[in-house]
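Asker: A structural model of the following input is requested.
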Amino acid sequence: MIQKCQIHHGKNAGILIDENGLSKIVDCQIHHNAGHGVEVKGQSTVNLSKSQIYDGQKDGLWFSGNSGGRVEICAINGNENAGIEVLEGGNPLFSRCFIKNNAYGIIVRQNGEVTLENCDMQDNVHKSMICESGSRINPSQ
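Answerer: Purely as a prediction, here's the structure:
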(Lines give C-alpha, C1' and ligand atoms only; values in the text may rest on other atoms or scores of the structure.)
Protein backbone atom coordinates (compact mmCIF):
# COMPACT_ATOMS: atom_id res chain seq x y z
CA MET A 1 0.00 0.00 0.00
CA ILE A 2 1.12 3.54 -0.78
CA GLN A 3 -0.40 5.93 1.74
CA LYS A 4 -0.06 9.65 2.57
CA CYS A 5 2.81 10.19 0.12
CA GLN A 6 3.86 13.04 -2.13
CA ILE A 7 5.12 11.73 -5.48
CA HIS A 8 6.33 14.55 -7.69
CA HIS A 9 8.79 15.88 -10.27
CA GLY A 10 9.65 12.40 -11.58
CA LYS A 11 11.33 12.00 -14.96
CA ASN A 12 8.63 9.54 -16.08
CA ALA A 13 5.38 8.24 -14.52
CA GLY A 14 4.73 9.13 -10.90
CA ILE A 15 3.57 5.56 -10.21
CA LEU A 16 3.82 2.61 -12.65
CA ILE A 17 1.81 -0.56 -12.05
CA ASP A 18 2.67 -3.31 -14.57
CA GLU A 19 2.86 -7.09 -15.17
CA ASN A 20 -0.29 -8.19 -13.30
CA GLY A 21 0.52 -5.78 -10.47
CA LEU A 22 -1.96 -4.90 -7.75
CA SER A 23 -1.64 -1.65 -5.85
CA LYS A 24 -3.64 0.29 -3.29
CA ILE A 25 -2.96 4.03 -3.16
CA VAL A 26 -4.63 6.18 -0.48
CA ASP A 27 -4.42 9.88 0.40
CA CYS A 28 -1.50 10.76 -1.89
CA GLN A 29 -0.55 13.78 -3.95
CA ILE A 30 0.91 12.85 -7.33
CA HIS A 31 1.99 15.88 -9.31
CA HIS A 32 4.41 17.56 -11.72
CA ASN A 33 5.69 14.29 -13.24
CA ALA A 34 7.10 14.17 -16.79
CA GLY A 35 5.07 11.05 -17.62
CA HIS A 36 1.57 9.96 -16.58
CA GLY A 37 0.68 10.58 -12.95
CA VAL A 38 -0.40 6.94 -12.51
CA GLU A 39 0.23 4.44 -15.33
CA VAL A 40 -1.56 1.08 -15.09
CA LYS A 41 -0.80 -1.53 -17.76
CA GLY A 42 -0.07 -5.21 -18.37
CA GLN A 43 -3.29 -6.62 -16.85
CA SER A 44 -2.74 -4.76 -13.59
CA THR A 45 -5.22 -3.36 -11.07
CA VAL A 46 -5.17 -0.21 -8.95
CA ASN A 47 -7.41 0.86 -6.09
CA LEU A 48 -6.85 4.58 -5.72
CA SER A 49 -8.74 6.76 -3.25
CA LYS A 50 -8.74 10.19 -1.62
CA SER A 51 -5.82 11.37 -3.74
CA GLN A 52 -4.92 14.27 -6.01
CA ILE A 53 -3.29 13.78 -9.41
CA TYR A 54 -2.39 17.09 -10.96
CA ASP A 55 -0.13 19.23 -13.17
CA GLY A 56 1.46 16.30 -15.02
CA GLN A 57 3.06 16.65 -18.44
CA LYS A 58 0.97 13.76 -19.88
CA ASP A 59 -2.27 12.13 -18.62
CA GLY A 60 -3.26 12.12 -14.97
CA LEU A 61 -4.26 8.43 -15.10
CA TRP A 62 -3.48 6.07 -18.00
CA PHE A 63 -4.91 2.55 -18.31
CA SER A 64 -3.95 0.07 -21.04
CA GLY A 65 -3.33 -3.63 -21.69
CA ASN A 66 -6.56 -4.94 -20.09
CA SER A 67 -5.87 -3.14 -16.82
CA GLY A 68 -8.42 -1.59 -14.52
CA GLY A 69 -9.42 -0.92 -10.97
CA ARG A 70 -11.41 1.53 -8.92
CA VAL A 71 -10.66 5.23 -8.44
CA GLU A 72 -12.72 6.98 -5.75
CA ILE A 73 -12.94 10.49 -4.33
CA CYS A 74 -9.96 11.79 -6.31
CA ALA A 75 -9.21 15.17 -7.87
CA ILE A 76 -7.62 14.90 -11.31
CA ASN A 77 -6.74 18.31 -12.66
CA GLY A 78 -4.35 20.49 -14.60
CA ASN A 79 -2.74 17.70 -16.66
CA GLU A 80 -1.30 18.66 -20.04
CA ASN A 81 -3.10 15.90 -21.96
CA ALA A 82 -6.13 14.05 -20.54
CA GLY A 83 -7.17 13.72 -16.94
CA ILE A 84 -7.91 10.06 -17.77
CA GLU A 85 -6.95 8.01 -20.84
CA VAL A 86 -8.11 4.42 -21.31
CA LEU A 87 -7.10 2.18 -24.21
CA GLU A 88 -6.30 -1.39 -25.31
CA GLY A 89 -8.97 -3.09 -23.20
CA GLY A 90 -8.44 -0.96 -20.09
CA ASN A 91 -11.60 -0.88 -17.95
CA PRO A 92 -11.44 1.27 -14.77
CA LEU A 93 -14.34 2.54 -12.69
CA PHE A 94 -14.34 6.14 -11.37
CA SER A 95 -16.61 7.13 -8.50
CA ARG A 96 -17.10 10.61 -6.99
CA CYS A 97 -14.07 12.08 -8.77
CA PHE A 98 -13.45 15.67 -9.86
CA ILE A 99 -11.95 15.89 -13.35
CA LYS A 100 -11.22 19.47 -14.31
CA ASN A 101 -8.82 21.90 -15.97
CA ASN A 102 -7.05 19.19 -18.03
CA ALA A 103 -6.51 19.55 -21.77
CA TYR A 104 -9.16 16.79 -22.16
CA GLY A 105 -11.32 15.26 -19.43
CA ILE A 106 -11.45 11.62 -20.58
CA ILE A 107 -10.17 9.92 -23.73
CA VAL A 108 -11.31 6.33 -24.40
CA ARG A 109 -9.97 4.57 -27.50
CA GLN A 110 -8.72 1.26 -28.93
CA ASN A 111 -11.41 -0.89 -27.22
CA GLY A 112 -11.10 0.81 -23.85
CA GLU A 113 -14.04 1.11 -21.48
CA VAL A 114 -14.61 3.39 -18.50
CA THR A 115 -17.46 3.56 -15.98
CA LEU A 116 -18.29 6.86 -14.26
CA GLU A 117 -20.34 7.10 -11.06
CA ASN A 118 -21.22 10.56 -9.74
CA CYS A 119 -18.15 12.28 -11.18
CA ASP A 120 -17.89 16.02 -11.78
CA MET A 121 -16.22 17.09 -15.04
CA GLN A 122 -15.76 20.74 -15.81
CA ASP A 123 -13.53 23.38 -17.35
CA ASN A 124 -11.41 20.97 -19.41
CA VAL A 125 -9.77 22.97 -22.17
CA HIS A 126 -10.82 21.06 -25.31
CA LYS A 127 -13.47 18.42 -24.64
CA SER A 128 -14.72 16.71 -21.52
CA MET A 129 -15.11 13.29 -23.19
CA ILE A 130 -13.80 11.64 -26.33
CA CYS A 131 -14.91 8.08 -27.07
CA GLU A 132 -13.59 6.53 -30.27
CA SER A 133 -15.22 3.72 -32.24
CA GLY A 134 -15.06 0.34 -30.50
CA SER A 135 -14.70 1.95 -27.07
CA ARG A 136 -17.27 2.75 -24.41
CA ILE A 137 -18.06 5.24 -21.63
CA ASN A 138 -20.65 3.98 -19.13
CA PRO A 139 -22.30 6.82 -17.18
CA SER A 140 -23.67 6.64 -13.62
CA GLN A 141 -26.42 4.12 -13.07
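Asker: find the residue at the geometric middle of this structure.
Answerer: The chain has Leu61 as the residue nearest its centroid, 2.4 Å off, counting by Cα atoms, centre = their mean.
Asker: is that residue bridged to anything, and to what?
Answerer: Judged by DSSP bridges, the bridge partners of Leu61 are Val38, Ile84.
Asker: list the contacts for it?
Answerer: His36, Gly37, Val38, Val40, Leu48, Ile53, Val71, Ile76, Gly83, Ile84, Glu85, Pro92 (Cβ atoms under 8 Å, 6 or more residues apart in numbering). Just so you know, the C-beta spots here come from the backbone N, C-alpha and C atoms, and that holds for glycine as well.
Asker: just the buried residues out of those, in PyMOL syntax.
Answerer: Here is the PyMOL command that selects the buried residues among the contacts of Leu61 (16 or more other Cβ atoms under 10 Å):
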select buried, resi 36+37+38+40+48+53+71+76+83+84+85+92
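Asker: can you put the contacts of Leu61 in TSV and add pLDDT and distance to Ser128?
Answerer: Below are those laid out as TSV (pLDDT from 0 to 100; distance: Cβ to Cβ, whole Å):
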residue	pLDDT	distance to Ser128
His36	98	19
Gly37	98	19
Val38	98	20
Val40	98	22
Leu48	98	21
Ile53	98	17
Val71	98	17
Ile76	98	12
Gly83	98	9
Ile84	98	11
Glu85	98	13
Pro92	98	17
